[in-house]
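Undergrad: Just need the structure, nothing else, for what follows:
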Amino acid sequence: MSTRGSDEVVRIDADASLDALIHTLTHHAARTLGVVASACSAATVRGCDRWLSAASVGVARCDAVQDRHRLGPRYLVRATGAPAVVPEVGADERWPVWSHACQVQGFRSVLVVPGTYGDVTVHLSVYSPETPDWSAVTPRALGLAHGIATVVAARDEIIELGHTMDDLLASSRSQAVLDRAVGVVMARRGCDASEAIAYLKAASGARDAREVAAGLVAGAAAGGGLVAQRDDEGLLEGEGPAAGRSTVGGHPVATRGRSGAGRPSGGWHPDAA
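TA: Have a look, this model is predicted:
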């Protein structure tokens with residue numbers, strides 16, 4: 001995301017702060033739950049999986065093993081929507097590859113809980129080298145997963161709003177350039193706003209009207225006219241095949257004397273009919 005203005009800077013800071021909060025909640029999950037363990041978190045947003053954070057490299061490796069074949073307690077929770085407990089990893093035969101990875105990293109038991117907020121579902125996985133009483137921990141773990149999902153949803157909403165703001169700012173800047181271009185054509189050709197708009201549309205042809213308008217304004221500011229191209233060389237000079245008529249982009253357009261000059265009225269959008 002760009003940093004052209006204060007609004008963009010604020011959004012970048014907000015994104016970073018929420019990312020840091022997600023990491024902090026995940027990193028300190030075991031302490032929050034009062035167990036000896038390491039936690040990691042992943043999210044599913046509108047059907048798409050997203051890795052969030054992990055408290056250690058070991059727990060990240062164990063959790064990632066599930067993704068290759070989409071087998072493991074996290075995918076079980078994703079399918080059922082209910083918490084899953086693996087009291088003894090070594091004795092569990094449902095996911096041998098995942099179980100082996102857990103044993104290599106020294107984990108004996110695992111708790112996985114879901115937390116949903118809006119379109120976001122977070123799966124919080126807690127890996128322990130011990131065998132804690134997961135039933136006593138599960139309610140708090142569910143609340144923590146829900147809290148992380150809330151933060152993820154807020155972060156995504158800020159990013160989406162930021163993109164919308166960028167689009168609106170770009171549109172307003174383009175509109176200002178287009179309006180100035182209409183004024184330049186009116187001043188040079190002595191026509192009213194509607195005729196100036198017609199000239200600009202015809203001059204644009206297959207090109208982006210914003211580019212044509214920007215070239216015209218830049219040329220006028222430098223003391224010239226529109227950057228000349230074959231189809232619009234006579235845009236400002238009033239050249240045409242006959243008196244009172246001019247062609248722009250191959251289209252005949254009527255003109256009138258400078259006595260009819262006026263100022264732009266209203267705005268023109270390049271997508272307007």
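
Undergrad: CA atoms for contacts and neighbours, from now on please.
TA: OK.

Undergrad: residue boundaries of the strands in the protein?
TA: For the chain, the strands defined by DSSP state E cover 38-45, 48-54, 84-86, 109-117, 120-128, 245-248, 251-254.

Undergrad: Can you lay out those strands as a markdown table showing distance to Gly147?
TA: Converted to a markdown table, the strands of the chain look like this (distance: least, C-alpha to C-alpha, whole Å):
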| stretch | distance to Gly147 |
| --- | --- |
| strand 38-45 | 12 |
| strand 48-54 | 14 |
| strand 84-86 | 19 |
| strand 109-117 | 8 |
| strand 120-128 | 9 |
| strand 245-248 | 61 |
| strand 251-254 | 62 |
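
Undergrad: Return the most buried member of these.
TA: strand 120-128 (a mean of 27; mean count of other C-alpha atoms under 10 Å).

Undergrad: Can you pull out the low-pLDDT segments for the stretch 1-150 of the chain?
TA: Along the stretch 1-150 of the chain, the parts satisfying pLDDT under 70 run over 1-15.

Undergrad: Specify the beta-bridge partners of the closest residue to Thr150 other than its chain neighbours.
TA: The shortest distance from Thr150 to any residue other than its chain neighbours is 5.6 Å, reached at Tyr117 (C-alpha to C-alpha, 6 or more residues apart in numbering). On the basis of DSSP bridges, Tyr117 is bridged to Val120.

Undergrad: so how far is Leu216 from Tyr117?
TA: Distance of Tyr117 to Leu216, computed by C-alpha to C-alpha, to the nearest Å: 50 Å.

Undergrad: Likewise for Thr150?
TA: Taking C-alpha to C-alpha as the measure, Thr150 falls 49 Å from Leu216.

Undergrad: cool, Leu33 as well?
TA: Applying C-alpha to C-alpha to Leu33 and Leu216 gives a distance of 65 Å.

Undergrad: So which of these two has more stuff around it?
TA: Leu216 (27 against 18; other C-alpha atoms under 10 Å).

Undergrad: how close does the more buried one sit to Arg188?
TA: For Leu216 relative to Arg188 (C-alpha to C-alpha), the value is 11 Å.

Undergrad: Also His69?
TA: His69 sits at a distance of 69 Å from Arg188 (criterion: C-alpha to C-alpha).

Undergrad: Looking at the two, which one has more neighbours?
TA: For His69 versus Arg188, neighbours defined as other C-alpha under 10 Å are more numerous around Arg188 (17 against 9).

Undergrad: Look up how far Val217 lies from that one.
TA: 12 Å.

Undergrad: Same check on Pro96?
TA: 69 Å.

Undergrad: More neighbours: which of those two?
TA: Between Pro96 and Val217, counted using other C-alpha under 10 Å, the more crowded position is Val217 (25 against 15).

Undergrad: Find the nearest non-adjacent residue to the more buried one, please.
TA: Ala181 (5.5 Å).

Undergrad: Quick check: that neighbour touching Ala214?
TA: Yes - Ala181 is within contact range of Ala214, at 7.3 Å (criterion: C-alpha atoms under 8 Å).
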